[in-house]
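K.L.:
Pasting the sequence and the predicted model now:
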Amino acid sequence: MYKQLVRQNLIIIAAGLLVFFFLSVAVTNFVNRRNLQSELVYLSDILANHIMATDTDDELRSAVNEFTEGQKWFAVVIATSLGDIVVDSGVDAVGDGVLRRLEDFEMEKVGLPGNAGTVYVNGSRIYYICALTEDMILRTSITLADNTNFILLGMFILVAVLIVLLVVSITLTGKASARITQAFDNIGSHLRLTAKGRYEEIEEDHRYEEVAQAYHAINAVNNSIYQYITQISAERDKLNYIIENINEGLILSGVSGRIYAVNDRACEIFGARRPEGEAHLRDIISDGEFLRRLQEETDTRAEMRFDYHSAAQDKIYLVTLNCFSRSPDDGEEDMVSVVLYDITALRKEERIKADFIANASHELKTPITSISGFSELLLSGLVTKPEDVKKYVTNICEEAAVMRHTVEELLYLSKLDYSDELTEKEEVDLYALASVCIGNHAAAAERAGVVMEQRGKKAAISGSEALLEHMLGNLIDNAIKYNKPGGRVTVETGTAKGKKFVRVRDTGLGIKPQHLDKLFERFYRVENSRSRDTGGTGLGLTIVNKICALHHAQIEVKSRYGRGTSFTVTFAPPASAAGVPAGNKNQTKQEAEAAKCSKNNP
């Protein structure tokens, strides 16, 4: 800008000086010529008066010599009416015969006697010609001034003035352009700050009013831009916060595969590092089948859902793919959203429910089949002996009792599944409760040849006495059923490390290690044949585990095959019960999630 301003100023100054110079020369020549004309006419009139006062040729020559002697700038010519020159001051011998004639164009300029003469320029002289009498013509001339020196002087002055003005112009233009450039730099720096989200007002006080007005307008625009950027940044931060804090994995990409947004959850699911800068789907997803489905979604543009097993996390995710078009005016590519929902627990629960239905059907099928078979025999009339009839009816009653017990256990467990917390609590003494349960099972223990004993001391907790009695009764019942004749069942209560506990230990058959993690699954039996003989449904320990969970207690199993088993239920202190994971200590993580899902999806 500085060079352009200097160049423009130089052109303007030079053009202005040249016009001024030539105009001055023209005016000066015009004024000088007018002055010379006036002086020539004035001298010619005086000379004409002198000539008209003469009577003889000698007097005429004397009058001419008086005006022209000793100088050559003023010349006088006297000619006849025919144009013959009789006196010429430019010739040394004035008046020695006819010298030459006047030019024809000069004769044409001669007017009548008494009229004003004519002034004209010929060559380097200015002439005045007039008729003094009918027989006498007077022509006078003055040498025009030589303007060469004047022009050269003017050119020198012009160049000097041009140089001075150029220096002054460059100096002033430099200062002005520096101020303007500084103003533009100031505007640019503030715009860059605004683009980065930092808004600062420009000081509007400036020596140039136009710059001050521009500052004011730019401040208003910058403020609007800053408010807009702030709003967009806030919305972006909200969106990023949501994307990063949702439990689901999320990827937003273009149909070309370019990733526009991805959260840490999605990277964890695919076992990839979060990309820095521009990235492609292949940088995160290495599963070929998954990429194939993404391509299929891009081609069909229809919502797609499928299950995906994450090898990195050993979990199952429900994948939802959606392709959506952006505004065609934006010129941007279409987008694909990938959302991954963790359904591991849901699928686990679905499998458990399917197994539960299958097992329940199987458990109920056996007694129903028996009842149906015995009933058909009785109805057929083939059984006639009273003792056989009694035997079959007894079998029907026994199978009906088994079926009733199984249904009751299922209903009881279903009721527990619908409960997340205990609605009513009371103080329960585990020692006193153990005494009641031992008394309730004394007859069964005697029939099995098992000795019951109680140890420990009072241990009071807050909970449901009915549920705790059911839990402890199931543990004692199992300890009796899976014991040996002459075996022993010990029920112990007390406090260990600040926590109340109840322990049921037997000296029975014991459990092999491979069965321990599955003990609390529904309908799971270590030995099906023995469970059938003892009337077990495979739901007792599942109910025990659920009651422990409702009381924020942990149940631990220790067993040595052939030596016996112990079940220990430990209750957390009341102040920390809400934060203690409840249930089976041997339960796997997936089973815990399934149990949680079972509460929410009974």
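P.N.:
Looks like it came in fine. Numbers count the residues shown, from 1 in each chain.
K.L.:
Any figure for the gap between residue 37 and residue 116?
P.N.:
Using CB to CB, to the nearest Å, one obtains 12 Å as the distance from residue 37 to residue 116. Where C-beta positions appear, they are placed from N, C-alpha and C, glycine not excepted.
K.L.:
So the two - more neighbours on which side?
P.N.:
Set residue 37 next to residue 116 and count neighbours by other CB atoms under 10 Å: residue 37 wins out with 16 against 10.
K.L.:
Skipping adjacent residues, who's closest to that one in space?
P.N.:
Take residue 37 and drop its neighbours on the chain: the residue closest to it by CB to CB, 6 or more residues apart in numbering is residue 119, 5.0 Å away.
K.L.:
Show me what that neighbour bridges to in the sheet.
P.N.:
For residue 119, the residues forming beta bridges with it (DSSP bridges) are residue 128.
K.L.:
who's in contact with it?
P.N.:
With contacts defined as CB atoms under 8 Å, 6 or more residues apart in numbering, the neighbours of residue 119 are 37, 40, 41, 126, 127, 128.
K.L.:
would you turn those into JSON lines with pLDDT?
P.N.:
As requested, the contacts of residue 119 are exported to JSON lines (pLDDT from 0 to 100):
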{"residue": "37", "pLDDT": "85"}
{"residue": "40", "pLDDT": "86"}
{"residue": "41", "pLDDT": "89"}
{"residue": "126", "pLDDT": "90"}
{"residue": "127", "pLDDT": "91"}
{"residue": "128", "pLDDT": "91"}
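K.L.:
could you dump those to JSON lines with distance to residue 462?
P.N.:
Output for these, formatted as JSON lines (distance: CB to CB, whole Å):
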{"residue": "37", "distance to residue 462": "137"}
{"residue": "40", "distance to residue 462": "142"}
{"residue": "41", "distance to residue 462": "142"}
{"residue": "126", "distance to residue 462": "139"}
{"residue": "127", "distance to residue 462": "144"}
{"residue": "128", "distance to residue 462": "144"}
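K.L.:
Wasn't residue 421 part of a strand?
P.N.:
No. With the criterion set as DSSP: H, G, I helix; E, B strand; the rest coil, the secondary structure at residue 421 is coil rather than a strand.
K.L.:
Just give the nearest non-adjacent residue to it, would you?
P.N.:
Counting by CB to CB, 6+ apart, residue 421 lies nearest to residue 550, which is 7.1 Å off, once chain neighbours are set aside.
K.L.:
distance of that neighbour from residue 543?
P.N.:
When CB to CB is applied, the distance between residue 550 and residue 543 equals 11 Å.
K.L.:
more crowded one of these two?
P.N.:
Just comparing residue 550 and residue 543: by other CB under 10 Å the higher neighbour count belongs to residue 543, 22 against 19.
K.L.:
what stretches of the stretch 301-450 of the chain score poorly on pLDDT?
P.N.:
Along the stretch 301-450 of the chain, segments meeting pLDDT under 70 span 327-331, 356, 359, 362-363, 409, 413-420.
K.L.:
again, 90 this time
P.N.:
Within the stretch 301-450 of the chain, the stretches falling below the threshold (pLDDT under 90) are 301-303, 310-314, 323-335, 344-425.
K.L.:
returning to that earlier point: just among the contacts of residue 119, which is most surrounded?
P.N.:
Neighbours here are counted as other CB under 10 Å. On that basis the top member of the contacts of residue 119 is residue 128, with 25 neighbours.
K.L.:
Find me the pLDDT at residue 50, would you?
P.N.:
Residue 50 is assigned a pLDDT of 87 by the prediction.
K.L.:
just to confirm, which helix or strand has it in it?
P.N.:
For residue 50, the element it lies in under DSSP states H and E is helix 2-52.
K.L.:
for that helix, the distance to its chain's centre please.
P.N.:
74 Å (CA atoms, centre = their mean, to the nearest Å).
K.L.:
repeat for stretch 199-207
P.N.:
For stretch 199-207 - counting by CA atoms, centre = their mean - the centre lies 30 Å from the chain centre.
K.L.:
Which residues does it contact?
P.N.:
Applying CB under 8 Å, 6+ apart, the external contacts of stretch 199-207 come out as 179, 183, 186-187, 190, 193, 212, 215-216, 218-219, 222-223, 226.
K.L.:
One more pass at 6 Å, please.
P.N.:
The list of residues contacting stretch 199-207 from outside it, by CB atoms under 6 Å, 6 or more residues apart in numbering, reads 190, 193, 212, 215, 216, 219, 226.
K.L.:
By neighbours, which of the residues you listed wins?
P.N.:
Across those, neighbour numbers were computed from other CB under 10 Å; residue 215 holds the maximum, 21 neighbours.
K.L.:
How about the contacts made by residue 143?
P.N.:
Listed by CB under 6 Å, 6+ apart, the contact set of residue 143 reads 73, 125.
K.L.:
Look up how far residue 121 lies from it.
P.N.:
With distances defined as CB to CB, the gap from residue 143 to residue 121 amounts to 11 Å.
K.L.:
One more: residue 185?
P.N.:
Counting by CB to CB - residue 185 and residue 121 are separated by 63 Å.
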